[in-house]
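have a look at this prediction, sequence included:
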Amino acid sequence: MQITLKWRWGDNMLPVFPVDFPQPIVPETESGSFKEDFPDSTVSSTTDAKYKVTRPRATRMSGTWTYLFRGVSAADYATLINFWNSVSGTAGMFLWTPWFSAIRTEQITVRFTAKGDWQSYNEGYRGTISLEEV
């Protein structure tokens, strides 16, 4: 498998998630086939006079994505595992374009948060991919 590299952040090159990996089928009959979240990072405290003081913890709110896949071929599953190994699992960053997102449609820098549990079924491999914006 060949990993595509793209220039990003000066002289650092990041791998790109395989563009030929099949997209998940959304919506799936099972709940949780797609989840997009932008967690609130607000820090708040309440004063003695019951006023609430708030501030953002960070300058941006990073997104997280979780996808459920069904019917992934053995070759595509091998591509996913090879890519997972090439970015050192949850340690490495890579470029990825979110599927089915109305909020983020451009290529962004993410990392895996979990490979998910993948199992072989009659229709192919089934499992999840979870990603977080870096």
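Thanks, I have it.

only C-alpha atoms from now on, for both contacts and neighbour counts.
Will do.

for this protein, which segments are assigned as strands?
5-7, 13-15, 34-37, 42-46, 52-56, 64-72, 93-96, 108-114, 119-121, 124-133 (DSSP state E).

helices or strands up against the second one?
Applying 3 or more Cα pairs under 8 Å, 6 or more residues apart in numbering; DSSP states H and E, we find strand 13-15 packed against strand 5-7, strand 93-96.

quick one: buried residues of it?
The neighbour-count check on strand 13-15 (16 or more other Cα atoms under 10 Å) flags Leu14, Pro15 as buried.

please tell me how far it is from the chain's geometric centre.
16 Å (Cα atoms, centre = their mean, to the nearest Å).

need the residue closest to the centroid of the protein.
Closest to where the C-alpha atoms of the chain average out (Cα atoms, centre = their mean) is Leu131, at 2.1 Å.

now mean pLDDT too, for the strands of the chain, in JSON lines please.
Converted to JSON lines, those look like this (pLDDT from 0 to 100):
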{"stretch": "strand 5-7", "mean pLDDT": "47"}
{"stretch": "strand 13-15", "mean pLDDT": "90"}
{"stretch": "strand 34-37", "mean pLDDT": "67"}
{"stretch": "strand 42-46", "mean pLDDT": "84"}
{"stretch": "strand 52-56", "mean pLDDT": "81"}
{"stretch": "strand 64-72", "mean pLDDT": "87"}
{"stretch": "strand 93-96", "mean pLDDT": "94"}
{"stretch": "strand 108-114", "mean pLDDT": "91"}
{"stretch": "strand 119-121", "mean pLDDT": "92"}
{"stretch": "strand 124-133", "mean pLDDT": "90"}
